[in-house]
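Chemist: I'll drop the sequence and a predicted model, then ask my questions.
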There are 2 protein chains.
Amino acid sequence: MDKPVKADGTVGKALEVLDQVAAYGRPVKFSELLQDSPYPKATLFRFLQTLTNQQMLSLDTDTGAYSLGIRLMRLAHAAWKNASLAPIARPFLEQLATEVGEAVHLAQLDNGQVLFVDKLRATDRFETLAQVGHVAPAYCTGVGKAMLAFLAPKRLQIVLQQQSFYKFTTTTKGSADDLSEELAKIRKSGIAFDHEEHEQGINSIAAPILSTNGRIVGAISIASATTRFDTEALKQFRQPLLKTAKLIGDEATSWQFPS
Amino acid sequence: MDKPVKADGTVGKALEVLDQVAAYGRPVKFSELLQDSPYPKATLFRFLQTLTNQQMLSLDTDTGAYSLGIRLMRLAHAAWKNASLAPIARPFLEQLATEVGEAVHLAQLDNGQVLFVDKLRATDRFETLAQVGHVAPAYCTGVGKAMLAFLAPKRLQIVLQQQSFYKFTTTTKGSADDLSEELAKIRKSGIAFDHEEHEQGINSIAAPILSTNGRIVGAISIASATTRFDTEALKQFRQPLLKTAKLIGDEATSWQFPS
DNA sequence: TACTAAGTTTCAATATATGAAACCAATAGT
DNA sequence: ACTATTGGTTTCATATATTGAAACTTAGTA
């Protein structure tokens, strides 16, 4: 799923350790990390030391266990605020969420991947966890396809290259050609659907957010379990979704690149 | 005499750049960064390249501007989930927030600093921004003092050393002695107040969250503008706050360190 | 076309990272 | 009480990566 970012240079290697710690999902001790580390003891030790100094990791002095550090939170906080779209869109999403009574997602495109930058009114308990920061592929999600459809042709070419086209489910589009065909339709209709292409049992309806100069800046979606709404039923959200996307797009335009 | 948070090694220097980008609060171009960079063009260039490869930064290919990257969000997302307290506490905080109808904060202590890991029901528009990840000093915040008061003496000693005791306002405690005196009282009453010690016009009432074995694991608070509630008025939240803190503490105990 | 600013690459000198091994500090075992 | 074992930290010669001046390549302007 996560494509291994090749770790060039010292910085890369050190950052790999962060992923390692993140993967554990709990505080980990030096020795545990050493187990599945490609680096020798002294090297890993120094990485850990450096990262801890840098507050990218935090070391519990009692248990001697490392967890992800305070600086990541700080930086991500900044990233969120600076990713102009999320703060701007928030009030409109609130509005939409109460209007339709369903969970609403806001996503942006980053390096060919979908990054969820906000998420409201999650019902399920687990979904309640801050999904902000969740990353998904573009080619098999509603928001992803909504954004790809409105990308400049030359840019789309590049992004298509970046897709893995891994078949998560039977309905996942398996090739750039398959996808391009659908993107053409989305471009016409202005609405994208995800028919359980990423996760079995989950579908969604999504709309692109375009700035008034036509640049794609993000996408919003309403996702549900297929048992709750089938694809036909999701169409009822078409109008409010489009309306909200338009509102956000207009608002975003004035804020974009305040150079 | 530990060195100040100096950027040792290549990793440190590279990470500094992230802060730099974060500080701009908007996408920045290479040349802008070069302006106030201590490093020569080629070096900064390589930093940016590496960080971009590592997805710690993201480069808008159209505008050539850098912003904080997708990986920070991913990592912070993981950090949040893994910082066991936040997900566990969420339902209790929801409960409390609706009960008292005020904004509720959840914080943890990290390296002598207060890290806000969750925040609910913010009323003010600006406060709506994801304050998760916000960092504040411990010695002059309600949650900070609530936690310090219940730290093991030897640990408190260390943490006191880490405080700057910068006087943000006229009521800010200016020394470790002043603070210690108040901590003793908090230890007795189980409740901490912030009398505009960090920000003029903002006060709060806070309670520590203790695991059943007595270890401090976090703190919760209700903050308000002094115009809304004066310190006396805040006392009305004492009971619900304490009750919620107890509930979270109990729940947290079973989850802590699932070794 | 010539000029300038912005971004990228080269390359030798140098600083830094590396990792085997030695070391130290706690437990655990006998 | 001794000894072994595990878990963590430091050393140091060597290999390697980083550095930055300068040359180069665009892209934008007059």
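Modeler: Ah, there it is.
Chemist: mind checking the SS state of A:Phe62?
Modeler: Careful, residue A:62 is Asp and not Phe. Counting by DSSP: H, G, I helix; E, B strand; the rest coil, the backbone at A:Asp62 sits in coil.
Chemist: so how far is DNA strand D from the spatially most central residue of chain A?
Modeler: Centroid-nearest residue in chain A: A:Leu115, 2.0 Å away (criterion: Cα atoms, centre = their mean). Distance of A:Leu115 to DNA strand D, computed by Cβ to the nearest atom of the strand, to the nearest Å: 27 Å. Bear in mind the C-beta positions are built from the backbone N, C-alpha and C, glycine included.
Chemist: you'd agree that residue is up against A:Ala86?
Modeler: No: in this structure A:Leu115 lies outside contact range of A:Ala86 using Cβ atoms under 8 Å: 10.1 Å.
Chemist: tell me who's in contact with the residue nearest to the centre of chain A.
Modeler: For A:Leu115, the contacting residues are A:Ala107, A:Gln108, A:Leu109, A:Gly133, A:His134, A:Val135, B:Ile70, B:Met73, by Cβ atoms under 8 Å, 6 or more residues apart in numbering or on different chains.
Chemist: secondary structure element holding it?
Modeler: Taking DSSP states H and E as the definition, one finds A:Leu115 inside strand A:113-120.
Chemist: for DNA strand C, what's its nearest residue on the stretch 51-200 of chain A.
Modeler: Closest approach between the stretch 51-200 of chain A and DNA strand C, counting by Cβ to the nearest atom of the strand: A:Gly64, at 10.2 Å.
Chemist: can you report how many residues lie near that residue?
Modeler: 12 (other Cβ atoms under 10 Å in any protein chain shown).
Chemist: cool, the one 5 residues further on as well?
Modeler: For A:Gly69, the tally of surrounding residues (other Cβ under 10 Å) stands at 25.
Chemist: and if you look at A:Asp62?
Modeler: The burial count assigned to A:Asp62 is 10, neighbours taken as other Cβ under 10 Å.
Chemist: that one and chain B, how far apart?
Modeler: In this view, A:Asp62 and chain B are 8 Å apart by Cβ to the nearest Cβ, to the nearest Å.
Chemist: how about A:Leu48?
Modeler: Relative to chain B, A:Leu48 is positioned 11 Å away (Cβ to the nearest Cβ).
Chemist: by contact count, what packs against the helix or strand that contains A:Ala223?
Modeler: If you go by DSSP H and E, A:Ala223 is part of strand A:216-225. Counting contacts by 3 or more Cβ pairs under 8 Å, 6 or more residues apart in numbering or on different chains; DSSP states H and E, strand A:216-225 packs against helix A:85-100, strand A:104-110, helix A:142-149, strand A:192-195, strand A:202-210, helix A:238-255.
Chemist: buried sites along the helix or strand just after that strand?
Modeler: From strand A:216-225 onward toward the C-terminus, using DSSP H and E, the following helix or strand is helix A:231-234. Across helix A:231-234, burial judged by 16 or more other Cβ atoms under 10 Å in any protein chain shown covers A:Leu234.
Chemist: how about stretch A:26-42?
Modeler: Residues of stretch A:26-42 classed as buried: A:Arg26, A:Pro27, A:Val28, A:Lys29, A:Phe30, A:Glu32, A:Leu33, A:Ser37, A:Tyr39 (neighbour count, 16+ other Cβ under 10 Å).
Chemist: do the same with stretch A:162-169
Modeler: Residues of stretch A:162-169 classed as buried under the neighbour-count rule (16+ other Cβ under 10 Å) are A:Gln163, A:Phe168.
Chemist: what about DNA strand C: which of the contacts of A:Leu115 touch it?
Modeler: Near DNA strand C, judged by Cβ under 7 Å from any atom of the strand, there are no entries from the contacts of A:Leu115.
Chemist: pLDDT-wise, what's the bottom of those residues?
Modeler: Here the lowest pLDDT out of these sits on A:Gly133, with 78.
Chemist: how about that one, phi and psi?
Modeler: When quoted as degrees, to the nearest 10, the phi and psi of A:Gly133 stand at phi 110, psi -10.
Chemist: tell me the secondary structure at A:Cys140.
Modeler: Secondary structure assignment for A:Cys140 (three-state DSSP): coil.
Chemist: err, A:Gln200, not the other one
Modeler: Secondary structure, three-state DSSP: A:Gln200 is coil.
Chemist: on that earlier part again, which pair in the contacts of A:Leu115 spans the largest distance?
Modeler: Farthest apart among the contacts of A:Leu115 by Cβ to Cβ are A:Leu109 and A:Gly133. That separation is 15.1 Å.
Chemist: tell me the bridge partners for A:Leu210.
Modeler: Residues in a beta bridge with A:Leu210, per DSSP bridges, are A:Ile216.
Chemist: from DNA strand C, how far off is the residue lying closest to A:Glu102 once chain neighbours are set aside?
Modeler: Sequence neighbours aside, A:Ile222 is the residue nearest to A:Glu102 in space, at 4.9 Å (criterion: Cβ to Cβ, 6 or more residues apart in numbering or on different chains). Separation of A:Ile222 from DNA strand C (Cβ to the nearest atom of the strand): 39 Å.
Chemist: quick check, pLDDT for A:Ile222.
Modeler: The per-residue pLDDT reported for A:Ile222 equals 94.
Chemist: my read: it touches A:Gln239, true?
Modeler: No: using Cβ under 8 Å, A:Ile222 makes no contact with A:Gln239, being 11.8 Å away.
Chemist: ok, these two, which is more surrounded?
Modeler: Between A:Ile222 and A:Gln239, counted using other Cβ under 10 Å, the more crowded position is A:Ile222 (27 against 10).
Chemist: identify the bridge partners of that one.
Modeler: A:Val104, A:Ile205.
Chemist: number of nearby residues for A:Lys185?
Modeler: A count of nearby residues for A:Lys185, using other Cβ under 10 Å, gives 13.
Chemist: do the same with the one 5 residues further on
Modeler: As a burial measure, A:Gly190 scores 17 neighbours (other Cβ under 10 Å).
Chemist: wait, it sits on A:Ile209?
Modeler: No: using Cβ under 8 Å, A:Gly190 is not in contact with A:Ile209; the gap is 11.2 Å.
Chemist: quick one, what contacts A:Val11?
Modeler: Listed by Cβ under 8 Å, 6+ apart, the contact set of A:Val11 reads B:Thr10, B:Val11, B:Ala14, B:Phe47, B:Thr50, B:Leu51, B:Gln54.
Chemist: excluding chain neighbours, what is closest to A:Leu96?
Modeler: Per Cβ to Cβ, 6+ apart, closest to A:Leu96 is A:Thr244, 4.4 Å.
Chemist: just want to check the distance between the one you found and A:Val143.
Modeler: As defined by Cβ to Cβ, to the nearest Å, A:Thr244 lies at a distance of 13 Å from A:Val143.
Chemist: so for the two, which residue has more residues nearby?
Modeler: Between A:Thr244 and A:Val143, counting by other Cβ under 10 Å, A:Val143 is the more crowded of the two (29 against 25).
Chemist: surely the more buried one touches A:Gln113?
Modeler: No: with contact defined as Cβ under 8 Å, A:Val143 does not reach A:Gln113; the gap is 11.1 Å.
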